[in-house]
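K.L.:
what would the 3D arrangement of this be:
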Amino acid sequence: MQQPKPCRLALASLLIATTGQTAFAQAPAAPAPASSPTLAAVKARGVLNCGVIGSSPNFSLPDSTGVMRGLDADLCRATAAAVLGDSNKVKFTNLTPAQRLVAVQSGEVDLSFSQITWTLARESKSGVQFTGTYFFDTYGVMVPNALKVASTAKLNGASICMITGPGETNAAEYFGKIKVRYKPVPFSEGEQMRKAFLAKRCDAIFHSLSALATFKGTLGAQAADYTLLPETHAREPLAGVVRKGDDRWFDIVRYTLNAMINAEELSVTSQNVKSFASSTDSDIKRLLGAEGDLGPSMGLDKEWAANVIAQVGNYGEVFDRAFAASGMPRAQNRLAEKGGLLYAVPMR
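P.N.:
Next up, the predicted model:
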């Protein structure tokens, strides 16, 4: 039998190395987009079931008329706008910290934005997936000025209010690391914890820094009586959560957040989005559905992201609406181009 000439072998090797194909075969066609049982259920139901804490200022808390407000609440609305075309088609389910993952696993909610920190163990052991960091947080400590403490190192023997579960774990790690003895005073809900702190049932409060800053901002003139200590502990990337096994639903929730970040990068807002209808910018055209098939590739309409932006806003608008009144700075939650940690993956 005649052997292949060396030049042919070299050509075949080059094709394999550069394209992943042999010279004699074509790459298999990409699989069609998978269907999503969660998407089908939400569309059939006509409403999105979204888990939130429901008692956390700036993240999820009803206003004086009973409307859920805050960053988490608006991310639920954004997903409803993407999937159903109407940001109001959301049913909010209040969850305690212990219920947040269970409610997703059991199908009680379709997704959850409830200040859940993205960790390896939670994702590998709990049957859930995290859809992307929407808020970079950390733990901190607040004390009354009357305690005359300027550092966590001076809290030896203090009683400290915290949330049951994650708060207890992080407190043990942090105070163990700095070798400070303390008495934990755990609570299952944030509102209970805050009331206990103001009632002097504990000397200090250990909680996420964003929540502490928000809490302090709600105290009015009384806020001057309290101090946020300078030390912080841990990285707390807050992320949305969906059940594992429904990859298409995971894509939808992940890229809804991504679209909101991308919109801010492109200066597309709820107020000016319609003015971009005739834009010739390819990035904007893909985002708003005038070009490409980003929405249909996930089982959504071409205008899915345009609906999100028009009805809910870009990431910056949502952040400002949630935190402006409290004075909470964007800090690490700024866009990367402005010194923060947020940037959108390519929408193409």
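K.L.:
against which helices or strands is the lengthiest strand in the chain packed?
P.N.:
When the chain is parsed with DSSP state E, its longest strand is strand 128-144. Counting contacts by 3 or more CB pairs under 8 Å, 6 or more residues apart in numbering; DSSP states H and E, strand 128-144 packs against helix 71-84, helix 100-106, helix 120-125, strand 204-208, helix 209-217, strand 226-228, strand 233-243, helix 247-265. C-beta: built from backbone N, CA, C; applies to glycine.
K.L.:
which one of the ones you listed lies closest to K177?
P.N.:
strand 233-243 (8.0 Å; CB to CB).
K.L.:
avg pLDDT for the closest one?
P.N.:
Averaging pLDDT along strand 233-243 yields 94.
K.L.:
so how far is the longest strand of the chain from its chain's centroid?
P.N.:
In terms of CA atoms, centre = their mean, to the nearest Å, the centre of strand 128-144 is found 9 Å from the chain centre.
K.L.:
next one: stretch 213-230
P.N.:
25 Å.
K.L.:
flag every buried residue along that stretch.
P.N.:
The neighbour-count check on stretch 213-230 (16 or more other CB atoms under 10 Å) flags 213-217, 226-227, 229 as buried.
K.L.:
just those now: which is nearest P37?
P.N.:
T214 (36.5 Å).
K.L.:
remind me what the helix or strand hosting D320 packs against, helices and strands.
P.N.:
In the assignment (DSSP states H and E), D320 maps to helix 315-323. If you count contacts as 3+ CB pairs under 8 Å, 6+ apart, helix 315-323 packs onto helix 71-84, helix 247-265.
K.L.:
do that again at 6 Å, thanks
P.N.:
Using 3 or more CB pairs under 6 Å, 6 or more residues apart in numbering; DSSP states H and E, the elements in contact with helix 315-323 are helix 247-265.
K.L.:
shouldn't N58 be in contact with A324?
P.N.:
No. Assessed by CB atoms under 6 Å, N58 is found out of contact with A324, at 9.5 Å.
K.L.:
so between those two, which is more surrounded?
P.N.:
The neighbour count for N58 versus A324, taken as other CB atoms under 10 Å, is higher for N58 (25 against 10).
K.L.:
so that one, which of the three states?
P.N.:
With DSSP: H, G, I helix; E, B strand; the rest coil as the basis, N58 sits in coil.
K.L.:
can you check the one 3 residues further on too?
P.N.:
Following three-state DSSP, the label given to L61 is strand.
K.L.:
any idea how far M193 is from it?
P.N.:
Taking CB to CB, to the nearest Å as the measure, L61 falls 15 Å from M193.
K.L.:
more neighbours: which of these two?
P.N.:
Neighbour count, other CB under 10 Å: between L61 and M193, M193 has more, with 25 against 22.
K.L.:
chain neighbours aside, what residue packs nearest to the more buried one?
P.N.:
F187 (4.0 Å; CB to CB, 6 or more residues apart in numbering).
K.L.:
from N58, how far off is that neighbour?
P.N.:
Remark: distance between F187 and N58 (CB to CB) = 19 Å.
K.L.:
would you mark the buried spots in the helix holding D320?
P.N.:
For helix 315-323, the neighbour count (16+ other CB under 10 Å) marks 315-319, 321-323 as buried.
K.L.:
just the C-alphas of it, formatted as CSV.
P.N.:
Presented in CSV, the C-alpha positions along helix 315-323 are these (Å, rounded to 0.1, in the frame of the first residue of the first chain):
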residue,chain,number,x,y,z
TYR,A,315,-27.0,48.3,36.6
GLY,A,316,-26.0,51.8,37.6
GLU,A,317,-29.6,53.0,37.7
VAL,A,318,-30.7,50.1,39.8
PHE,A,319,-27.8,50.6,42.2
ASP,A,320,-28.4,54.3,42.6
ARG,A,321,-32.1,53.7,43.2
ALA,A,322,-31.3,51.2,45.9
PHE,A,323,-28.5,52.9,47.7
